[in-house]
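> Need the 3D shape of this:
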Amino acid sequence: MTRQMIVRSVFLLLCLVSLSKGVPTPDETPAAETKDNVTEAEAPAEEAETSAKEAEAPAEAPAKEAEAPAKDPETPANETTVPEKEVAKGEIKTKSIEGDVVTLPLRMPDVLTTVHDMYLVTPVKVDYDDAYIVGYVPQASAERVHHILIYGCTKPAQDKPYWDVGDMGGICHWSAEVNTILWAWALDAPKFDLPDKVGFHVGRNAKIDYILLQVHYKYKLKEADNSGVDVILITKPPPKLAGIYLFATGGTVIPPRMSVNADTTCAFQDDVEITPFAYRTHTHKLGVRVSGWREREGTWTLLGTGNPQKPQMFYLMKGENHPVRKGDILHARCEFVSTRDITTRIGSTGEDEMCNFYMMYFMDADKFRLEDGCYYEKKFTVPDYARVKDEENEVSYEVDDSWKSVGIVENIGQIGGLSHSADKKQLVVFHRAGNDWSKKQWFDYDNVVVDKEAILEEDVILFIDPISGNVTRSLGKNHFIMPHGVFVDHHDNVFVTDVALHQVLKFEVNKTEPSLILGTKFEPGNDSSHFCKPTSVVVTAEDFIFVGDGYCNSRVVKFSKRGIFVGEFGKESRKKKVPGSMGLVHDLAINHPDRLIYVADRENGQIHTMTYKGNFTAVHSVPGSVYAIDYIPESRLIAAVNISDAESPAKVMLVNADSGEIKGVYPCNTSNFTMPHALTYIQHIGIFLGEITSPFHVWKLSEKQEDTEK
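This is a model prediction of the structure:
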């Protein structure tokens, strides 16, 4: 066995690739369903245990690799088959290519997982002699799926509708003539269309009789899941065929609090010429940049570079083509920065690391052959002229002047909170209509609301198209006095806080009456059934509810999905830079992948980091008071906003979630923008900000986009 084969077998993404042609160079008290307060009730056994133990299961080791079947079937049982005559028209840019367009759905068959970090595979038979993949449309969410890989095989490893591959093995059968990676997805990346006249060849003649969907689930699932991908096929051959050349490392060790580069280098020794046209980067949490180069006769050319914490899609390479031919040397590097106190190694779980640079290439169809990849680890030095500039990975935002920011509804009032729907297609605005907190004395000395009859008669929860600014629906009339925070969970349930009611209310999808109420109406307090002016709420993927409480209490309170009190965290303090010592808890944000809650400590000008178990692990200071925050997962940044003062205008700050370093500051240079009170981030669309000063704008900041087309 060659050294490359050994390295490849160690590396967890490469269990099915064939012998490499790249060779080394020399050198969470249930609440009553529509009652005003939480009532005592005996919890179901499962939730009682959760309350007692705060049962947050630790990450368990993945199941072992599935055993190979005793028999050697030609067709796996219960497989999904798309016959040749079944044609569905899909929206794909086939341009000059004629022929049928077929949508091939790859879906997990309503699976459940038993442990964290489980890898499941399901096969789909491609019943064509020849078909060509020209696009991929993901049907998955990063809240539960860590990543997806699509493989092409002559024969799958198991005779089952799906199976657990444990530590990323047993995907293609050991005897398969062809086993190759066809696509990869992570971090809510969008759909991908191949360029005109390029496709992946699949079908019997390509010896790819099966397309296999592998899904890495982050956590144990409480409900059946059918995540997957729609594969877009055409039936007429394109003039160019595509493949993927993969760079990967298996032996990288990242010491605590250290920066480490993982390098791979191979000489391309095939007699054919390949043209790279797209690339994808992949690491886990510690990766900050992944890059690839071609070296030809001592001259280095950057092929692609990206931040692996951004959506992990394939990006088209910029500029002119840079073909690769025999004798060229290919390099890839993953840059890691550890913020941990433990050593991190390459592995299959979310707490391990990975290093991948995927290079998608094409060549003329009559000369096509699959190229494997490069797994030889060797350190290299990049010449100064070929080094990646830091600004290439920076995120930059600007005010979107085209956004309809005024007059969303005629009677809109102070913006209490902002959120968005689970599919990110609706901006959710929670406003105060005619109840302006600044216009009169709303509370007595004991924080009890003075005017209990000031119930808002309007719908104050608005669902808005984030592109056009048009209101699509609304709810909430006759329920609120002083709206504050809002959060929409992954089921599209709407959770809101009202500081006058001292309550948190949950509205299920398409319902106008609350199904869950936490807190005691009009009674401020500081225990398991009372809040005092609660400001904010977030909900985890496992349906635990965290409440920011708030104006009187400097704490975060945790409940189960049925409203059972689990615990409270944090303490009141004006001390700076002490994790969990907080003043006014004004907003919460959630980091689903890392199971973290971020707390906006308003007057202290701090952002605290807290685990789901209530452990405060860090605190970061920002200039001024921090009113609202949200997490940007693809860049591991926290968007935070403060208000204007005598010295500077209101501004949005982008704060590194790990280090606290401020990576960007965007002043909103307009006299109308003075009191931003709410903030939410919608992936691929932008940052939205809500004002509590008239005329109650909702502002939109869009990310500056670079043109990635050639």
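> tell me which strands and helices the helix or strand containing Thr122 is in contact with?
Counting by DSSP states H and E, the element that carries Thr122 is strand 118-126. When contacts are defined as 3 or more C-beta pairs under 8 Å, 6 or more residues apart in numbering; DSSP states H and E, strand 118-126 sits against strand 80-82, strand 101-107, strand 163-164, strand 210-217. All C-beta spots, glycine's among them, are computed from the backbone N, C-alpha and C.
> Next SSE downstream of it?
Following strand 118-126 toward the C-terminus (DSSP H and E): strand 131-139.
> Flag every buried residue along that following strand.
Using 16 or more other C-beta atoms under 10 Å as the test for burial, strand 131-139 gives Ala131, Tyr132, Ile133, Val134, Gly135, Tyr136, Val137, Pro138.
> so what's the fifth one closest to, chain neighbours aside?
Nearest-residue entry for Gly135: Ile232, 3.7 Å, with adjacent residues in sequence omitted and distances by C-beta to C-beta, 6 or more residues apart in numbering.
> Give me the number of neighbouring residues for that neighbour.
26 (other C-beta atoms under 10 Å).
> One more: Leu516?
With other C-beta under 10 Å as criterion, Leu516 counts 23.
> Give the closest residue to it in space, chain neighbours not counted.
Lys506 (3.9 Å).
> Tell me how many other residues surround that neighbour.
With neighbours defined by other C-beta under 10 Å, the count for Lys506 comes to 23.
> so after whichever strand or helix holds it, what's the next helix or strand?
Using DSSP H and E, Lys506 maps to strand 503-507. The helix or strand immediately downstream of strand 503-507 is strand 516-518, counting by DSSP H and E.
> The next helix or strand after that next one pairs with which strands, and in what direction?
The helix or strand immediately downstream of strand 516-518 is strand 534-539, counting by DSSP H and E. Partner strands for strand 534-539, per DSSP bridges, with pairing direction: strand 545-549 (antiparallel).
> any idea how far Trp183 is from Gly485?
Counting by C-beta to C-beta, to the nearest Å, the gap from Trp183 to Gly485 is 39 Å.
> Tell me which of the two has more neighbours.
Counted by other C-beta under 10 Å, Trp183 and Gly485 do not tie: Gly485 has more neighbours, with 28 against 25.
> Next, the more buried one: secondary structure please.
strand (DSSP: H, G, I helix; E, B strand; the rest coil).
> how many other residues sit next to the closest residue to it other than its chain neighbours?
Distances taken as C-beta to C-beta, 6+ apart put Ser536 closest to Gly485, at 3.7 Å, once the chain neighbours are dropped. Residues within reach of Ser536, counting by other C-beta under 10 Å, total 30.
> contacting residues around Ser536?
417, 484-485, 487, 497, 547-548, 550, 585-588, 600 (C-beta atoms under 8 Å, 6 or more residues apart in numbering).
> buried ones in stretch 438-456?
Trp442, Phe443, Asn447, Val449, Leu456.
> want to try TSV for these, with pLDDT as columns?
Converted to TSV, these look like this (pLDDT from 0 to 100):
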residue	pLDDT
Trp442	96
Phe443	96
Asn447	97
Val449	97
Leu456	97
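> Now the two most distant members of those.
Largest separation among the buried residues of stretch 438-456 by C-beta to C-beta: Asn447 and Leu456, giving 19.8 Å.
> ok, which stretches of the stretch 551-700 of the chain are helices?
Counting by DSSP state H, counting those that start in this stretch, the stretch 551-700 of the chain yields no residue ranges for helices.
> ok so, going back, so for the strand holding Lys506, could I get the coordinates as CSV, restricted to C-alpha?
Only the C-alpha atoms of strand 503-507 are listed here, as CSV (Å, rounded to 0.1, in the frame of the first residue of the first chain):
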residue,chain,number,x,y,z
GLN,A,503,-44.3,37.8,30.2
VAL,A,504,-43.1,35.7,27.3
LEU,A,505,-45.7,34.5,24.8
LYS,A,506,-45.5,31.8,22.1
PHE,A,507,-47.6,31.8,19.0
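> Packing partners of it?
Helices and strands touching strand 503-507, as assessed by 3+ C-beta pairs under 8 Å, 6+ apart, comprise strand 494-498, strand 516-518, strand 534-539.
> Any idea how far it is from the middle of the chain?
26 Å (C-alpha atoms, centre = their mean, to the nearest Å).
> same question, stretch 229-248
For stretch 229-248, the distance to the chain centre is 25 Å (C-alpha atoms, centre = their mean).
> same check, this time on stretch 619-631
With C-alpha atoms, centre = their mean, you get 21 Å for stretch 619-631.
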